[in-house]
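>>> Structure for this input, please:
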Amino acid sequence: MSALSPPKRTSVDLCAVDIGTSRRKTRKVTRACDSCKSKKSRCSGTLPCETCADRGLHCVYNAAYARGKPPTPLPGAAGDSIEGPITERNSPEIDAAEIEGQYVDTTSGLTFLHRAYKRLSKLSANTIDVHPHLLGGIDSTQHITTAGDRPLLVDISRANSVSIPLDAHKILQDYFEHCVVTYCIFHHPTVVDWLSIATDNLSHGLPITQSIGNAKASILFTVMAIAERRKDKMKNTLNSSWNDENSLRRWDEYFHQAGLYLESQAGLPQLESVQARVVQVLYLLQTSRMNKAWYVLGNASQIIAALGIHRKQTRNRKGNVKPSNYIVSQCKRRVFWVAYILDAYLSVVLGRPRYFHDDDINQDLPDAIDDEYMTPAGPLNLQDEDDPQTHVDSVIAHAKLSKIIGTVSSEVYSVKTVPQRNRLAAATKAVDALHAWQASLPNHLRAIRPSSLIPVVRRQAMALKLAYCHAIIHATRPFLLGNQGEASGLSESIRKCTSAAKTALQLVDSMSSDPNVAHAFWWSAYATFCALAVVYVWEIQQSLLGHESSPEKEALLALAERCHSRLAQPADADSPARRYTIILEELRREARFQNERNSPRSAQVDPMANESGGAGQQTDVIETRQGQPQLSSTGATFGPAPPDPDALQQIFMEWQTTDWLDLDASAFEFLDDSTDSFDFNAVNT
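Numbers count the residues shown, from 1 in each chain. Purely as a prediction, here's the structure:
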């Protein structure tokens, strides 16, 4: 059976669990409760049944029974029916199964994803100008830790021949001025000293690693790769004819050289061993090598644990903190919390367990001290009291936000069987914490209009605002398809989810025209993807419920179209943006059909089009044949067969919490030919 295939349904009469025994026995169930019967799900035949008890549903047996006198259900483990149902449509509780290393529900309602996989797998990679692994075909020669990623563009014959360029100090300055944002892991003057030693070694014919070691040399080359990447991207943002392969080759050669230094490193691990790997993760994420980034971060987390960097400084027998170099201790805090932030986001993006667990951590956050005011003996008291902002504020803020995201992932998206009311309570608590987090931000990261800030602070402020919107979406989207009248707080949760999605898209829309923010955030494509998915799913659900289109909905969909179009524009076919576009096109197609179906002017005007000629206009001119996808340089479009409303209704009635996790990870799943065994005709294709 395919890993993506749902299990074959069996009769509700087949199997259940006897109550009151310590041992599981199989017995025949002659009657299913109304909820299980309507969904054709397995039922224990008790009152309440196990499924309703787990999901917090009102369990009843009122449906007609045609086999004689209806049997009286045995009492369930809860002893009675559960009052106060939240919803049957959205019951997001989890009967978890592990598919390709990710937790997904065994009866996933993401049929449109399976359909997208099936259609895309039939396309020739040459036709759509992407690498085979984009659609699941993994090169069997790739190492297991890089399988699914674009290989490094390096000439192996030139190994160890890449050297420090003449303008290395300028490149290093560019890195600290433009590339750090919320990922501050170094002390700027210290890294400058390393580069000075390395260039001096080079001028005297000595190995670059002389007196600084392999880890520091590796850091220098990775930093140069990141800085050069941003410079090239910025220079060619508006150049539609630019082919970045030659540039990527140059960046990859720097990165490959950095990797060679780390591979040959000997001796005990040091702080720089962690820093070198964390900055490698940043480069890999920026060049869309998500799987390798995850493995490297895992290695970094092991070294962090080995060095005890996840814990506070040890105390001596008298209870005093052991004296240490202040710069070193602050860099330990910085690199740990940046690794923590990356772990929180990669866990969500890839749908995989986290490396760091809060119960094992007591490390302090970094001090809000700029690099120029730090000395080995301690901080200097020279910071301007009238201007208390520091570049470390964004790191501290993002670390605090990541802790909330981690809590949401573990409680709202728990793989354990948890009643929905508990998940909703956890989400409500998380949203309150997010509001408190936002209110606690320094003024320059919260209250000042980003356009009036200097570029370095503007990037930090916009990154945190986008991260805040994503966190709200992450906490509230599992309840998007719930019945607003069925539970206290559900309506407000839905409102906050859709509002955060709208704000995120507005922010993405404004970022696209700001050269100082462009290419600054590796996860902006994922945040855009989440916001677009919410807009499309909400539109489909509202349309299925018979809600007519409105000017507000039209404006939101037009905004979504612009952002969807921009998401599809990167020249790099391996970018997450391109992957997300292919997945989103299925959702967009269904949302578009439902919107047109409910729009009184659908026969005259395309409601998804916009004045600037967004994706609605672009996909209209792409030729389609027999309902199969045709891909352009901006992504995929499908037509002309519309989805079946009844089938869609069934999909969204069955949408569960883990379906959102499956959606998150869909762009980076490892797919194989076994996908073909899934019945893609279950829903109209």
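
>>> mind listing the strands for the chain?
Taking DSSP state E as the test, the strands found in the chain are 46-47, 74-75, 96-99, 102-105, 374-375, 378-379, 630-632, 635-637.

>>> Got the domain ranges for the protein?
1-85, 112-138+389-682, 156-379 (automatic domain parsing).

>>> how about those domains, which one is nearest Thr146?
domain 156-379 (4.7 Å; Cβ to Cβ). (Each C-beta comes from the backbone N, C-alpha and C, glycine too.)

>>> Can you pull the poorly scored residue ranges out of the stretch 451-600 of the chain?
482-488, 570-574, 594-600 (pLDDT under 70).

>>> repeat that for 50
The model of the stretch 451-600 of the chain has pLDDT under 50 over residues 484-485, 571.

>>> Run through the helices of it in chain order.
455-476, 490-511, 524-544, 551-567, 576-598 (DSSP state H, counting those that start in this stretch).

>>> any idea how far the residue nearest to Ala665 when sequence neighbours are not counted is from Asp359?
Counting by Cβ to Cβ, 6 or more residues apart in numbering, Gly351 is the residue found nearest to Ala665 once chain neighbours are left out, at 3.2 Å. In this view, Gly351 and Asp359 are 22 Å apart by Cβ to Cβ, to the nearest Å.

>>> out of those two, which sits in the busier spot?
Set Gly351 next to Asp359 and count neighbours by other Cβ atoms under 10 Å: Gly351 wins out with 25 against 6.

>>> The more buried one contacts Leu661, correct?
Yes. Using Cβ atoms under 8 Å, Gly351 is in contact with Leu661, at 5.0 Å.

>>> Show me which helix runs longest in the protein.
helix 326-350 (DSSP state H).

>>> Which elements pack onto that helix?
Using 3 or more Cβ pairs under 8 Å, 6 or more residues apart in numbering; DSSP states H and E as the contact test, the elements touching helix 326-350 are helix 271-286, helix 290-307, strand 374-375, helix 393-411, helix 524-544, helix 657-665.

>>> Redo these as a markdown table? Include distance to Gly489.
Shown next, in a markdown table, are the helices and strands packed on helix 326-350 (distance: least, Cβ to Cβ, whole Å):
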| stretch | distance to Gly489 |
| --- | --- |
| helix 271-286 | 35 |
| helix 290-307 | 35 |
| strand 374-375 | 46 |
| helix 393-411 | 15 |
| helix 524-544 | 18 |
| helix 657-665 | 16 |
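
>>> Kindly reformat the ones you listed as a markdown table containing distance to Pro442 and mean neighbour count.
Converted to a markdown table, these look like this (distance: least, Cβ to Cβ, whole Å; neighbours: other Cβ atoms under 10 Å):
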| stretch | distance to Pro442 | mean neighbour count |
| --- | --- | --- |
| helix 271-286 | 24 | 25 |
| helix 290-307 | 27 | 20 |
| strand 374-375 | 19 | 16 |
| helix 393-411 | 5 | 21 |
| helix 524-544 | 22 | 24 |
| helix 657-665 | 30 | 24 |
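
>>> and these, which one is worst for confidence?
Ranked by mean pLDDT, these bottom out at helix 657-665, which scores a mean of 80.

>>> Just the mean pLDDT for the longest helix of the chain, thanks.
Rounded mean pLDDT across helix 326-350 is 96.

>>> what angle separates it from helix 657-665?
Between helix 326-350 and helix 657-665, the angle comes out at 110 degrees (axes from the mean of the first three to the mean of the last three Cα atoms, to 10 degrees).

>>> in helix 326-350, what's buried?
Within helix 326-350, the residues scored as buried using 16 or more other Cβ atoms under 10 Å are 326-327, 329-350.

>>> Next, format the helices of the stretch 451-600 of the chain as JSON lines and append distance to Leu260.
Listed next are these as JSON lines, based on distance: least, Cβ to Cβ, whole Å:
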{"stretch": "helix 455-476", "distance to Leu260": "31"}
{"stretch": "helix 490-511", "distance to Leu260": "36"}
{"stretch": "helix 524-544", "distance to Leu260": "30"}
{"stretch": "helix 551-567", "distance to Leu260": "35"}
{"stretch": "helix 576-598", "distance to Leu260": "27"}
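
>>> Quick one: closest of the ones you listed to Ile405.
Nearest to Ile405, of the helices of the stretch 451-600 of the chain and by Cβ to Cβ, is helix 455-476 at 5.5 Å.

>>> His564 and Ala591 touch, don't they?
No. Look at His564 against Ala591 with Cβ under 8 Å: they stay out of range, at 10.4 Å.

>>> if you count what's nearby, which of those two comes out ahead?
Between His564 and Ala591, His564 has the larger neighbour count (other Cβ under 10 Å), namely 30 against 26.

>>> Report the separation between the more buried one and Leu480.
For His564, the distance to Leu480 - Cβ to Cβ - is 18 Å.

>>> again, but for Ala266
Here Ala266 is placed at a distance of 53 Å from Leu480 (Cβ to Cβ).

>>> Of the two, which one has the most company?
Comparing Ala266 with Leu480 by other Cβ under 10 Å, the one with more neighbours is Leu480, at 22 against 6.

>>> That one reaches Tyr536, doesn't it?
No. Judged on Cβ under 8 Å, Leu480 makes no contact with Tyr536 at a distance of 10.8 Å.

>>> how far away is Phe214 from Ala198?
Just so we're on the same page, residue 214 is Asn rather than Phe. Counting by Cβ to Cβ, the gap from Asn214 to Ala198 is 12 Å.

>>> what's next to stretch 402-414, contact-wise?
Residues from elsewhere that reach stretch 402-414 (Cβ atoms under 8 Å, 6 or more residues apart in numbering): 94, 340-341, 344-345, 347-348, 354, 358, 423, 426-427, 430, 433-434, 437, 471, 474-475, 478, 657-658, 660-661.

>>> now with 7 Å?
340-341, 344, 347-348, 354, 358, 423, 426-427, 430, 433-434, 437, 471, 474-475, 478, 657, 661 (Cβ atoms under 7 Å, 6 or more residues apart in numbering).

>>> Could you pull out the helices in the stretch 101-250 of the chain for me?
Under DSSP H, counting those that start in this stretch, the stretch 101-250 of the chain gives helices at 111-121, 125-128, 168-174, 188-203, 214-235, 245-263.
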